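Colleague: just coords:
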């Protein structure tokens, strides 16, 4: 499972070794997308239990590493990593998670604030009610 397909200068440029206890390269062989989201259980060693496994994808077009996810290493030394496609990856082991797993909500194209419109509608209703009340009172 250990591979050395990612150039060392790419790993150094990503600066993932700075706080890493260990850096491992892996290569998954398959043509294209998996069609499902496989989870790979990889044994990183009991020594690293409680630390974090940070998964980076090697983008061959940009010649750079792209952070995918960070997971806490289990007591038995294993880490459960999710993959979307086969490729070359680097796993760095650190004391803290190095990758934010939260994905930003996709832009829907609607940047309007609905609450603002509801408030404006409410103010308009109050203004119309007040004007109607004053007009009725003036007619008496």
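Modeller: Arrived safely. Treat the numbers as computed from the prediction; the structure is a model and nothing was measured.
Colleague: burial count for the nearest residue to residue 85 once chain neighbours are set aside?
Modeller: Leaving aside its sequence neighbours, residue 85 sits nearest to residue 33 (CB to CB, 6 or more residues apart in numbering; 5.3 Å). Bear in mind the C-beta positions are built from the backbone N, C-alpha and C, glycine included. Number of residues near residue 33 (other CB atoms under 10 Å) recorded here: 9.
Colleague: cool, residue 57 as well?
Modeller: Neighbour count of residue 57, defined by other CB under 10 Å: 18.
Colleague: same thing with residue 30?
Modeller: Around residue 30 there are 11 residues (other CB under 10 Å).
Colleague: and what of residue 123?
Modeller: Residue 123, neighbours per other CB under 10 Å, totals 10.
Colleague: Run the chain-centre distance for the one helix or strand it maps to.
Modeller: For residue 123, the element it lies in under DSSP states H and E is helix 114-139. Its chain's average C-alpha position is 46 Å from that of helix 114-139, according to CA atoms, centre = their mean, to the nearest Å.
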